[in-house]
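Enquirer: What shape does this take:
(chains A, B, C and D)
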Protein chains: 2
Amino acid sequence: MDVKTITTCCDGLLTAPLSEAAAEDLAAAFRVMADPVRLRLLSIIAAQGETCACNLTAPVGKSQPTISHHLSVLTDAGLLRREKRGKWAWYAVIPDRFAVLRDALAATPVAA
Amino acid sequence: MDVKTITTCCDGLLTAPLSEAAAEDLAAAFRVMADPVRLRLLSIIAAQGETCACNLTAPVGKSQPTISHHLSVLTDAGLLRREKRGKWAWYAVIPDRFAVLRDALAATPVAA
DNA sequence: TGTCAATATCGACGACCATCGATGTGACCC
DNA sequence: GGGTCACATCGATGGTCGTCGATATTGACA
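Expert: Residues are numbered from 1 along each chain as shown, chains lettered A, B, ... in the order given. Coordinates of the predicted model:
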């Protein structure tokens, strides 16, 4: 997917017109969240605090390469932190990164 | 794209594991936001309060069918309200709908 | 009714991406 | 070193969707 780290790009999607570049960046950030497997991985890892990748293949029901791929996408986006311990890989969520997306959605638009 | 209306589906993506169905619904909601053209349309319409579709083709730089398609996707998702006046179509954002996505991202996860 | 303007819909094409089998890369153990 | 386990990467494939030209639809106006 070739994901860049999610970075703060605008304050309030609904407050001012987005430039083409800003829209592209924000869309890329949302695209990371736009996959059910990735959402389940995030929710499982967050609920457990820190999780070994070996505990993720079974509950999601996808192949090992697929899970590994999605974990890489989430890590590249800066939503997960990866730590290798021996032959195992441990993942944890980085909650701060979600603030960027929340801020983009937080709006005080003109009443509709 | 065959979009369903965005509906509240979970409180806090990062608080508890998502079911397969909930993950699918939430991913569909994010997928609506995962396109730069749609984000620009939302930001332009929100900034102007209410906008005629005829004012949207030029600033975004896409063909009329493409703009119409994206406006339909956003309307089907419940993010826009469409009102026909004569031969013109007026669009306005429905800010409440964004709360669902914000709530999904609002988390009190176990510290990472 | 006929014409034109503003949108919506259709059909097709192309690009992106989720998925998986096969393979590569380290780490541990004997 | 040989073998095995956990995980990452590669290559190929299939499906989804953004895009646009062509066409249909709807309303305004004469």
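Enquirer: So for A:Phe7, what's the pLDDT?
Expert: Not quite, residue A:7 is Thr, not Phe. Looking at A:Thr7, its pLDDT is 84.
Enquirer: what's the answer for A:Ala112, then?
Expert: At A:Ala112, pLDDT is 40.
Enquirer: Which positions in chain A make contact with DNA strand D?
Expert: Taking CB under 7 Å from any atom of the strand as the contact definition, chain A meets DNA strand D at A:52-54, A:64-65, A:68-69, A:71-72, A:82, A:87-89. In short, each C-beta sits where N, CA and C put it, glycine included.
Enquirer: What about these, which are in helices?
Expert: A:Gln64, A:Pro65, A:Ser68, A:His69, A:Leu71, A:Ser72 (DSSP state H).
Enquirer: returning to that earlier point: sort out which of the residues of chain A next to DNA strand D are buried, if you could.
Expert: A:Ala53, A:Leu71, A:Ala89 (16 or more other CB atoms under 10 Å in any protein chain shown).
Enquirer: Name the nearest of those relative to B:Gly78.
Expert: A:Leu71 (31.8 Å; CB to CB).
Enquirer: So the closest one sits against A:Cys54, correct?
Expert: No - counting by CB atoms under 8 Å, A:Leu71 does not reach A:Cys54; the two are 11.7 Å apart.
Enquirer: ok, back up a step: and the residues of chain A next to DNA strand D near DNA strand C, which?
Expert: Checking the residues of chain A next to DNA strand D against DNA strand C (CB under 7 Å from any atom of the strand), the matches are A:Gln64, A:Pro65, A:His69, A:Lys87.
Enquirer: biggest separation within those, which pair?
Expert: Maximum distance among those (CB to CB): 18.9 Å, for A:His69 and A:Lys87.
Enquirer: from the ones next to DNA strand C among the residues of chain A next to DNA strand D, which is closest to DNA strand C?
Expert: A:Pro65 (3.3 Å; CB to the nearest atom of the strand).
Enquirer: Assumed A:Leu42 was part of a helix.
Expert: Yes - counting by DSSP: H, G, I helix; E, B strand; the rest coil, A:Leu42 is part of a helix.
Enquirer: For B:Thr57, see how far away it is.
Expert: 37 Å (CB to CB, to the nearest Å).
Enquirer: Could you do A:Gln48 as well?
Expert: In terms of CB to CB, A:Gln48 sits 48 Å off from B:Thr57.
Enquirer: For the closest residue to A:Ser68 other than its chain neighbours, list the residues it contacts.
Expert: Leaving aside its sequence neighbours, A:Ser68 sits nearest to A:Ala53 (CB to CB, 6 or more residues apart in numbering or on different chains; 7.2 Å). A:Ala53 makes contact with A:Ile67, A:Ser68, A:Leu71, A:Trp88, A:Ala89, A:Trp90, A:Tyr91, according to CB atoms under 8 Å, 6 or more residues apart in numbering or on different chains.
Enquirer: per-residue pLDDT, A:Ala53?
Expert: pLDDT, A:Ala53: 98.
Enquirer: Show me which positions of the helix or strand harbouring A:Val32 end up buried.
Expert: Following DSSP states H and E, one finds A:Val32 within helix A:20-33. Residues of helix A:20-33 classed as buried by neighbour count (16+ other CB under 10 Å): A:Ala22, A:Ala23, A:Glu24, A:Asp25, A:Leu26, A:Ala27, A:Ala28, A:Ala29, A:Phe30, A:Arg31, A:Val32, A:Met33.
Enquirer: biggest separation within the residues you listed, which pair?
Expert: Pairwise distances among the buried residues of helix A:20-33 were taken by CB to CB; the largest, 17.4 Å, belongs to A:Ala22 and A:Met33.
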